[in-house]
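Novice: pasting the structure only:
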């Protein structure tokens, strides 16, 4: 029994849907979906229809694309997030709103913690204030579509929503640590938890939409053995302070190879690979 992860399936793209449909059965294994499955509930439903018969358990955290409001009829902000949580729960998928679980599979016990934290524009250079980060990115022609489609309602801003999520999540992680005897953890979030990992050579100023400095020490505070994230569309593994940081995105069709099996894009999280 293994724990795998993938993110950024972007199922609005037909090529990605076709690739996902070719996933092999992993009937004894768990799978993390680390955000950006798509923009609509229908995209998430497609992913669950394909993947639930092939994995024992799915774990989902939202990316920014799941939270987009792309028509007047859709929910927005926190209301949309909570509706997606309920949709996943009805299908038996673990979400950031569910109790953290202890890994029942191979290897040492770990606390599996799916998170939803957003960003607060603090991932830019030290000389760029958060309130000026979007203008700084625009100097290079970089503007994230979140500025149009990701509504923070009922919070006054995306940063305020991020801060509220961080405070709530800190309390939950601290409580779960006590409850479970301070087990080592696997933290799962769509956005990277450390600023140093938000390197995007082609669009460096996009980093301001990639996370929050509030999580810089969470890998140590919460005894992480692995951190799973996506968002960057740059697959990579890094070790910092002895902790594995795994960026597990698939990405848009131009960012993965159609001649490779979709299974080859799964990243094993537990047990820790040799």
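Specialist: Right, received. Where do you want to start? Computed from a prediction, not measured in an experiment: that's the story for all the values here.

Novice: What segments of the stretch 51-200 of the chain are helices?
Specialist: Counting by DSSP state H, counting those that start in this stretch, one finds helices in the stretch 51-200 of the chain at the ranges 77-90, 133-138, 146-149, 158-179.

Novice: What residues sit buried inside the shortest one?
Specialist: Same thing as helix 146-149. Neighbour-count burial for helix 146-149 flags 146, 149 (criterion: 16 or more other C-beta atoms under 10 Å). The C-beta positions use only the backbone N, C-alpha and C, and glycine is treated the same way.

Novice: Stretch 67-77 now?
Specialist: Within stretch 67-77, the residues scored as buried using 16+ other C-beta under 10 Å are 67, 68, 69, 74, 75, 76, 77.

Novice: Grab the nearest non-local neighbour of the second one.
Specialist: Spelled out, that is residue 68. Excluding its sequence neighbours, the residue lying closest to residue 68 (C-beta to C-beta, 6 or more residues apart in numbering) is residue 149, at 3.9 Å.

Novice: mind checking the backbone torsions on the residue nearest to the spatial centre of the chain?
Specialist: Nearest residue to the geometric centre of the chain (C-alpha atoms, centre = their mean): residue 190, 1.8 Å. Per-residue torsions, residue 190: phi -60, psi -40 (degrees, to the nearest 10).

Novice: list the contacts for it?
Specialist: 7, 34, 35, 36, 61, 62, 63, 64, 116, 229, 230, 231 (C-beta atoms under 8 Å, 6 or more residues apart in numbering).

Novice: where do the strands sit along this protein?
Specialist: Using DSSP state E, the strands assigned to the chain run over residues 3-6, 26-33, 55-60, 101-102, 111-114, 185-188, 224-229, 236-240, 243-247, 267-270.

Novice: Make TSV from those strands and add mean pLDDT, mean neighbour count and distance to residue 132 to it.
Specialist: Shown next, in TSV, are those (pLDDT from 0 to 100; neighbours: other C-beta atoms under 10 Å; distance: least, C-beta to C-beta, whole Å):
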stretch	mean pLDDT	mean neighbour count	distance to residue 132
strand 3-6	98	23	34
strand 26-33	98	20	34
strand 55-60	98	21	34
strand 101-102	97	14	41
strand 111-114	98	24	32
strand 185-188	98	26	30
strand 224-229	98	26	25
strand 236-240	97	12	28
strand 243-247	98	21	27
strand 267-270	98	21	36
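
Novice: shaky segments in the stretch 51-200 of the chain?
Specialist: Along the stretch 51-200 of the chain, segments meeting pLDDT under 70 span 73.

Novice: buried residues in stretch 48-57?
Specialist: Applying 16+ other C-beta under 10 Å to stretch 48-57 flags 48, 50, 51, 55, 57 as buried.

Novice: The second one reaches residue 19, doesn't it?
Specialist: No. Using C-beta atoms under 8 Å, residue 50 is not in contact with residue 19, being 10.3 Å away.

Novice: what's the overlap in contacts for the two?
Specialist: Common neighbours of residue 50 and residue 19 (C-beta under 8 Å, 6+ apart) do not exist.

Novice: Give me the phi and psi angles of residue 182.
Specialist: Per-residue torsions, residue 182: phi 60, psi 50 (degrees, to the nearest 10).

Novice: which residue packs closest to it, ignoring adjacent ones?
Specialist: Once flanking residues are discounted, residue 182 sits nearest to residue 223: 6.2 Å by C-beta to C-beta, 6+ apart.

Novice: For burial, what's the neighbour tally of that neighbour?
Specialist: 17 (other C-beta atoms under 10 Å).

Novice: how about it, what does it touch?
Specialist: Taking C-beta under 8 Å, 6+ apart as the contact definition, residue 223 lies against 177, 182, 183, 184, 185.

Novice: Quick check: the gap between the second one and residue 265.
Specialist: Taking C-beta to C-beta, to the nearest Å as the criterion, residue 182 is separated from residue 265 by 33 Å.
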